[in-house]
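Chemist: Could you look at this predicted model? Sequence included:
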Amino acid sequence: MHVARLSLVDFRSYPAVDLDLARGVSAFVGPNGQGKTNLVEAVDYLATGSSHRVAGDQPLVRVGAERAVLRAVVRREDREILAELEINPGRSNRARLNRTALPRSRDLLGVLRTVVFSPEDLALVKGDPGERRRFLDDLLVARQPRFAGVRADYERILKQRTTLLKTAAGRSGGPRRVGAADLSTLDVWDAHLATAGSELLSARLQLAAELAPHVQRHYADLAQSVPKAAGGNDVELDYRASVPGTDAAATREVLAEAMLAELERRRSEELDRGVTLVGPHRDDVVLAIGAMPARGYASHGESWSLALALRLAAFELLREEGDDPVLVLDDVFAELDDLRRGRLAMLVAKTEQVLVTAAVAADVPEDLVEHRFDVRAGEVSRV
């Protein structure tokens with residue numbers, strides 16, 4: 001799988017741009033603030049429906065414009081697919097596939113798949129649990145787009161249940177009241193939360209188990225020849241659920257029952273605090289190097305190696321299912337020492353399509369680049 005053509009209208013800094021792309025490694029080189037990352041961000045947005053840089057859509061639309069339009073010709077073996085997405089901040093985005101309108105923009109998911117490395121990836125190791133939960137969920141959606149709906153359903157149920165808890169706890173501006181009607185309604189929302197939550201939890205547990213050996217191997221590859229590196233066998237990835245006694249072998253029915261039991265056990269605490277304390281939204285992925293948790297203890301170099309290992313592991317799982325996803329290295333080489341640059345270049349060299357951004361051409365190993373574009377003041381030119 002690779003992007004053969006990319007066209008943008010009013011996306012970020014570009015009034016309009018059209019690029020022909022090819023297999024292999026394409027590097028977008030130019031000073032900071034010239035629009036390099038905007039190009040690869042557009043590719044990733046077409047694949048995932050979200051940005052790896054901002055939470056909302058408004059910053060994606062060029063100042064003065066009402067909407068942005070992204071188009072990509074995606075080539076898979078001997079087929080070409082035209083994917084189009086119209087970004088409408090404050091309203092629903094619209095998608096088309098081969099010029100046919102789709103019912104929902106998320107129906108475009110799966111046509112193009114990407115794995116993005118960026119400086120923000122350090123948050124996977126050093127950041128809050130939400131960063132690691134999002135990493136798993138995004139990978140679930142990339143593998144099986146239907147999980148976009150599962151995640152949306154869970155978040156909707158969670159929001160409505162938490163609103164009920166706040167009302168019962170007197171945190172919505174009125175007096176506290178916990179009557180039979182409140183508890184009966186809460187029972188209904190508990191059942192909904194357990195049904196949706198068990199599906200998401202089961203998928204995350206299985207995914208974490210699949211990821212772990214890939215993360216260990218890639219960490220060992222990236223950290224090779226670094227004297228203080230612990231080595232691949234010492235890296236651990238452990239999914240910590242807020243529901244006790246859960247593991248990847250448990251069925252969804254078992255997980256739902258365990259979640260209901262834990263919700264019942266902690267109901268009084270939830271009513272006191274007005275917060276839902278049980279469910280996938282409270283889980284974490286604990287990363288460790290040796291005997292110590294990576295968060296708070298790993299060095300800068302170890303953290304980078306582990307973050308890259310997570311992304312490479314995600315890439316391997318997607319590759320095992322057929323096509324190579326498009327690999328995006330957004331200003332990553334500048335963050336790495338020479339050893340890690342060389343190791344990363346070796347690991348990605350055989351990927352069908354790699355899109356690299358760099359402020360300085362020398363940051364990217366010269367023997368890696370097959371196609372180069374200079375980006376200056378919003379103008380993109382092939383070298």
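Modeler: Sure thing, it's come through.
Chemist: what ranges do the strands span in the stretch 51-200 of the chain?
Modeler: Counting by DSSP state E, counting those that start in this stretch, one finds strands in the stretch 51-200 of the chain at the ranges 68-76, 79-87, 94-97, 100-101, 114-117.
Chemist: so of those strands, which one's packed in deepest?
Modeler: Of these, the one with the most neighbours on average (mean count of other Cβ atoms under 10 Å) is strand 114-117, at a mean of 25. C-betas here are computed from N, CA, C, even on glycine.
Chemist: same for that strand, what does it pack against?
Modeler: With contacts taken as 3 or more Cβ pairs under 8 Å, 6 or more residues apart in numbering; DSSP states H and E, strand 114-117 sits against helix 36-48, helix 300-320, strand 326-330.
Chemist: Tell me the strands beside that strand, with direction?
Modeler: If you go by DSSP bridges, strand 114-117 pairs up with strand 326-330 (parallel).
Chemist: Number of residues surrounding Gln58?
Modeler: Using other Cβ atoms under 10 Å, the number of residues around Gln58 comes to 10.
Chemist: For the residue lying closest to it once chain neighbours are set aside, give me its contacts.
Modeler: The shortest distance from Gln58 to any non-neighbouring residue, by Cβ to Cβ, 6 or more residues apart in numbering, is to Pro89 (4.3 Å). Pro89 is in contact with 56-58, 60-61, 67, counting by Cβ atoms under 8 Å, 6 or more residues apart in numbering.
Chemist: What of Asp121?
Modeler: Neighbouring residues of Asp121 by Cβ under 8 Å, 6+ apart: 307-308, 310-311, 332.
Chemist: try 6 Å
Modeler: Taking Cβ atoms under 6 Å, 6 or more residues apart in numbering, we find Asp121 in contact with Ala307.
Chemist: swap in the one 5 residues further on?
Modeler: The contact partners of Lys126, taken as Cβ under 6 Å, 6+ apart, are 295, 303.
Chemist: Next one: Pro280 from Arg265, what distance?
Modeler: From Pro280 across to Arg265, the span is 17 Å (Cβ to Cβ, to the nearest Å).
Chemist: just to revisit the earlier point, would you mind giving the contacts of Pro89 as TSV with pLDDT added?
Modeler: Listed next are these as TSV, based on pLDDT from 0 to 100:
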residue	pLDDT
Gly56	87
Asp57	91
Gln58	93
Leu60	95
Val61	95
Arg67	96
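Chemist: Give me the helices and strands touching the one helix or strand Leu260 maps to, please.
Modeler: For Leu260, the element it lies in under DSSP states H and E is helix 252-265. Under the contact criterion of 3 or more Cβ pairs under 6 Å, 6 or more residues apart in numbering; DSSP states H and E, helix 252-265 touches helix 180-222.
Chemist: Could you look up the next helix or strand downstream of the helix it packs on?
Modeler: strand 235-240.
Chemist: What strands line up against that next one, and which way round?
Modeler: Strand partners for strand 235-240, identified by DSSP bridges, are recorded as strand 284-289 (antiparallel).
Chemist: Now Arg113: closest residue in space, sequence neighbours ignored.
Modeler: Spatial nearest neighbour of Arg113, excluding adjacent residues (Cβ to Cβ, 6+ apart): Pro325 at 3.9 Å.
Chemist: pull the helix or strand with minimum mean pLDDT from this structure.
Modeler: In the chain, no helix or strand scores lower on mean pLDDT, DSSP states H and E than helix 338-348, which sits at a mean of 84.
Chemist: Report the buried residues of it.
Modeler: Residues 339-345, 347-348 are the ones in helix 338-348 that count as buried (16 or more other Cβ atoms under 10 Å).
Chemist: Specify the angle between that helix and helix 300-320 in degrees.
Modeler: With axes from the mean of the first three to the mean of the last three Cα atoms, to 10 degrees as the basis, helix 338-348 and helix 300-320 are set at 0 degrees to each other.
Chemist: Using CSV, list the CA coordinates for helix 338-348.
Modeler: C-alpha atoms of helix 338-348 as CSV (Å, rounded to 0.1, in the frame of the first residue of the first chain):
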residue,chain,number,x,y,z
ASP,A,338,23.8,8.4,15.5
LEU,A,339,23.4,4.9,16.8
ARG,A,340,19.7,5.0,17.0
ARG,A,341,19.4,6.8,13.6
GLY,A,342,21.3,4.0,11.9
ARG,A,343,19.3,1.3,13.6
LEU,A,344,16.0,3.0,12.7
ALA,A,345,17.1,3.5,9.1
MET,A,346,17.9,-0.2,8.8
LEU,A,347,14.6,-1.3,10.3
VAL,A,348,12.4,0.9,8.0
